[in-house]
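Visitor: turn this into a model:
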Amino acid sequence: MKLSEARTLYLARESLAKLRDEGLAEIPNFSVALRHAREIIDGWSEQGDAADLAARRKIESIKRNIVEGSPEWNILYRRYREEELRKKGPQRR
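Guide: Numbering: from 1, shown residues only. Just a heads-up that it's a prediction; the model follows:
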């Protein structure tokens, strides 16, 4: 799921504000921290999109037809998506 630029900015701003307001982080330069937070959120979003696509391809490659939204499809999708995310691991910049 591709997040809009506005949604990414909102999530980054709210996350940093919450960390700052609760005293969990000192943020000397909010604009620089905001830029980095947006990059991180974009990276997570892209990684999730890639895992989604890989999981769907694996399900489609199964010889018998599995209907999207069925309980079996949901189980396989969750399993394959989690496998893909584990394979890639956390991305560091």
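
Visitor: hey, let's count contacts and neighbours off CA atoms from now on
Guide: Fine.

Visitor: distance from whichever strand or helix holds E83 to the middle of the chain?
Guide: Taking DSSP states H and E as the criterion, the element that holds E83 is helix 71-88. Relative to the centre of its chain, helix 71-88 is centred 14 Å away, using CA atoms, centre = their mean, to the nearest Å.

Visitor: return the list of helices and strands in contact with that helix.
Guide: Applying 3 or more CA pairs under 8 Å, 6 or more residues apart in numbering; DSSP states H and E, we find helix 71-88 packed against helix 30-61.

Visitor: who touches the helix holding E83?
Guide: Helix 71-88 has contacts (CA atoms under 8 Å, 6 or more residues apart in numbering) with 47-48, 51-52, 54-56, 58-59, 66-68.

Visitor: stretch 28-42 now?
Guide: Residues from elsewhere that reach stretch 28-42 (CA under 8 Å, 6+ apart): 3, 8-9, 12-13, 16, 27.

Visitor: could I have the helix holding E83 exported to PDB, CA atoms only?
Guide: The C-alpha atoms that make up helix 71-88 are tabulated as PDB, following Å, rounded to 0.1, in the frame of the first residue of the first chain:
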ATOM      1  CA  PRO A  71      -9.800 -18.500   4.700                       C
ATOM      2  CA  GLU A  72      -7.200 -20.600   2.900                       C
ATOM      3  CA  TRP A  73      -6.000 -17.600   0.800                       C
ATOM      4  CA  ASN A  74      -5.800 -15.400   3.900                       C
ATOM      5  CA  ILE A  75      -3.700 -18.000   5.800                       C
ATOM      6  CA  LEU A  76      -1.300 -18.500   2.900                       C
ATOM      7  CA  TYR A  77      -1.000 -14.800   2.300                       C
ATOM      8  CA  ARG A  78      -0.100 -14.000   5.900                       C
ATOM      9  CA  ARG A  79       2.400 -16.900   6.000                       C
ATOM     10  CA  TYR A  80       4.100 -16.000   2.700                       C
ATOM     11  CA  ARG A  81       4.100 -12.200   3.500                       C
ATOM     12  CA  GLU A  82       5.700 -12.900   6.900                       C
ATOM     13  CA  GLU A  83       8.300 -15.100   5.300                       C
ATOM     14  CA  GLU A  84       9.200 -12.400   2.800                       C
ATOM     15  CA  LEU A  85       9.500  -9.800   5.500                       C
ATOM     16  CA  ARG A  86      11.700 -12.100   7.600                       C
ATOM     17  CA  LYS A  87      14.000 -12.800   4.600                       C
ATOM     18  CA  LYS A  88      14.600  -9.100   4.000                       C
END
